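Q: missing the sequence, but the structure's below:
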């Protein structure tokens, strides 16, 4: 009996151990289930990816003075019919004026829908004119979804749709490329949004459009440089004024002074047009070359006048004047050609 009691007692002790072990496993399993629930929920409610399609339908009104351009484009994507239209939160960054904004939705089969937004706006752009008139501009259009979280909604760029209408024609310009990129904007502050309070920053989905345009017309350049080139021709005539009277130096200096005044006005006009005071443009280089050409004419006029007054050798003076006029004019033309060829 004692042995039987011991045996029964041992089995009871083992049963209690088994029951405790099973209870511990059940508790661990329940804790794991509770922890896996939010993870599965987070996995099932991950970010919504929007395949953004973009078509630029119109482009123009490039304004070097106002630093702006006008653009019209469509943005659309397809999603489930029960999901919100995120394009309603879309805004154009850096816009001077929103001319038109229109939203439409098109129901599709299988409980799908296409949301579309049309935008026409005038945007700011800093024109790079160092190589004018052979400059190339990269126009950027940045679109974001304001307070929409990047963790909940993200753009995906479409690789099958054309970004720009090939029939767009801009007088004096050639469109060499266009693309749409899906990216994000990180603000270094939560901006009061609870989603960014943890890291004190806010991530917003962003879509960037890039258009590359190359200038093809040089008519504006020649109009701008006409005054300076005429001033160079005016300075050249100073070489051919006769020195057989005492006041011959006055007409020469009158022509030279008028040439300098014309070049300065031309340079000021180009600076006001482009607003470039910190960089040296092609027009500035040509103006500087013409001013140097006029300075050579000034030095030559002084030398020949003093030489004629001292020695009266008129034939030598005439030969020197005409020779230097041809040589300096040829050098000026070569410098202008080299500058333009190096920029083109």
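A: Everything's here; your move. Note that the coordinates shown come from a computational prediction; the quantities given were computed from them, not determined experimentally. Residues are numbered from 1 along each chain as shown.
Q: show me where the stretch 151-300 of the chain has helices.
A: Remark: helices assigned in the stretch 151-300 of the chain by DSSP state H, counting those that start in this stretch are 219-237, 249-274, 282-311.
Q: nearest to residue 206, of these?
A: Closest approach to residue 206 among the helices of the stretch 151-300 of the chain (C-beta to C-beta): helix 249-274, 30.4 Å. The way it works is simple: take the backbone N, C-alpha and C, and place the C-beta from them, glycine included.
Q: residues of that closest one that come out buried?
A: With burial defined by 16 or more other C-beta atoms under 10 Å, the residues of helix 249-274 counted as buried are 249, 252, 255-256, 259-260, 262-263, 266-267, 270, 274.
Q: on contacts alone, who are the packing partners of that helix?
A: Other elements packing on helix 249-274 under the criterion 3 or more C-beta pairs under 8 Å, 6 or more residues apart in numbering; DSSP states H and E are helix 219-237, helix 282-311.
Q: sorry, back to before: in JSON lines, list the buried residues of helix 249-274 along with pLDDT.
A: Shown next, in JSON lines, are those (pLDDT from 0 to 100):
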{"residue": "249", "pLDDT": "60"}
{"residue": "252", "pLDDT": "77"}
{"residue": "255", "pLDDT": "83"}
{"residue": "256", "pLDDT": "84"}
{"residue": "259", "pLDDT": "88"}
{"residue": "260", "pLDDT": "88"}
{"residue": "262", "pLDDT": "89"}
{"residue": "263", "pLDDT": "89"}
{"residue": "266", "pLDDT": "86"}
{"residue": "267", "pLDDT": "84"}
{"residue": "270", "pLDDT": "80"}
{"residue": "274", "pLDDT": "70"}
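Q: Now distance to residue 227 too, for those residues, in a markdown table please.
A: Listed next are the buried residues of helix 249-274 as a markdown table, based on distance: C-beta to C-beta, whole Å:
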| residue | distance to residue 227 |
| --- | --- |
| 249 | 25 |
| 252 | 21 |
| 255 | 15 |
| 256 | 16 |
| 259 | 10 |
| 260 | 12 |
| 262 | 5 |
| 263 | 8 |
| 266 | 4 |
| 267 | 9 |
| 270 | 10 |
| 274 | 16 |
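Q: Just the closest of those residues to residue 62, please.
A: residue 274 (13.2 Å).
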